[in-house]
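Colleague: Quick one, what's the 3D model for this:
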Amino acid sequence: MLLQVQDKKYRSGKVVLKFHLTYDGHITDMKVIKDNVGDGLALVCQKAVFALAPYPRWPEEQIHETNSNYRVVKYIFNYE
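Modeller: As a prediction, this is how the structure comes out:
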């Protein structure tokens, strides 16, 4: 995906988010662990993840298998 920034040049890079996805579909503890595109695109990526929350609740089997009430998720947005 190409993005046009204010100086009319195309920028490539990535934004990497790390967060907890809880068993009931909520997002917590979100952190930007990489952002080399700038121009506020990390915030756009965070909003994209939060926009669909809450996500579907986990099946009971998954809750018991993980032995935790959340999973750590790392999500990468690539801008090329």
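Colleague: For the protein, which segments count as strands?
Modeller: 3-4, 10-11, 13-22, 27-35, 70-79 (DSSP state E).
Colleague: Give me the residues contacting the last one.
Modeller: In this structure, residues lying in contact with strand 70-79 by C-beta atoms under 8 Å, 6 or more residues apart in numbering are 1-3, 11-23, 28, 33, 37, 41, 45, 48-49. Where C-beta positions appear, they are placed from N, C-alpha and C, glycine not excepted.
Colleague: Tell me the gap between that strand and the middle of its chain.
Modeller: Centroid separation for strand 70-79 versus its chain: 5 Å, with C-alpha atoms, centre = their mean, to the nearest Å.
Colleague: Tell me the spacing between residue 24 and residue 52.
Modeller: The spacing between residue 24 and residue 52, counted by C-beta to C-beta, to the nearest Å, is 14 Å.
Colleague: where does this structure dip in pLDDT?
Modeller: 1-10 (pLDDT under 70).
Colleague: before we move on, back to that, any idea which of the strands of the chain is most buried?
Modeller: strand 13-22 (a mean of 18; mean count of other C-beta atoms under 10 Å).
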